[in-house]
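Visitor: okay, predicted coordinates and the sequence, questions at the end:
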Amino acid sequence: MTNSITISPSFMIQLQDKIKYPSAGVLSKVLLKDNACQYTLFCLAANTDISEHTSTRNATINVIEGRGLLTLSGEDIALKPGVFIFISANASHALKAEENLTFILTLSEKLTENN
């Protein structure tokens, strides 16, 4: 389930008010989307897996609460509150929520040599 929020150019969201865990799987809410970036709040139920995949866009993960494991290009990275990860475009990655897990995923345009 994805929800979009209509906003003015500047705004504030209290993230704790937006966190809701599904009984199983993933719940995502788009917080902001513009021409360059998309900011999405992900809430994963404990023991949820996101299988290995890639994206054509650069991405960041900023963990808000919970614990999990990100496998990025074959390297395991512990997910816990305060962890910030940059994932370059086309990098292979997978994720497992070991307990209820919330993070903000930011997708941005891939930089090219001309940018």
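Guide: Done, it's in.

Visitor: residue ranges with poor pLDDT in the chain?
Guide: Residues of the chain meeting the criterion pLDDT under 70: 1-8, 110-115.

Visitor: what ranges does it have for its helices?
Guide: 15-18 (DSSP state H).

Visitor: which stretches in it count as strands?
Guide: 26-33, 37-44, 49-53, 58-65, 68-72, 75-79, 84-87, 93-97, 101-108 (DSSP state E).

Visitor: which one of the ones you listed lies nearest to Gln16?
Guide: Closest of the strands of the chain to Gln16 is strand 58-65, at 8.5 Å (criterion: Cβ to Cβ). Every residue, glycine included, has its C-beta placed from N, CA and C.

Visitor: identify the bridge partners of Leu44.
Guide: Val26, Leu101 (DSSP bridges).

Visitor: same check on Ala59?
Guide: Beta-bridge partners of Ala59, as defined by DSSP bridges: Ile87, Leu107.

Visitor: that one reaches Asn90, doesn't it?
Guide: No: the pair Ala59 and Asn90 does not pass the contact test of Cβ atoms under 8 Å, sitting 10.7 Å apart.

Visitor: of these two, who's got more company?
Guide: The neighbour comparison of Ala59 against Asn90 (other Cβ atoms under 10 Å) goes to Ala59, with 19 against 11.

Visitor: distance check, the residue nearest the centre of the chain against Met12.
Guide: Centroid-nearest residue in the chain: Leu105, 2.5 Å away (criterion: Cα atoms, centre = their mean). Distance, Leu105 to Met12, using Cβ to Cβ, to the nearest Å: 19 Å.

Visitor: what is the burial count for the spatially closest residue to His93 that is not a sequence neighbour?
Guide: Distances taken as Cβ to Cβ, 6 or more residues apart in numbering put Leu72 closest to His93, at 4.7 Å, once the chain neighbours are dropped. Using other Cβ under 10 Å, Leu72 has 17 other residues around it.

Visitor: contacts only, for Leu72.
Guide: Each residue near Leu72 by Cβ atoms under 8 Å, 6 or more residues apart in numbering is listed here: 85, 87, 91-93.
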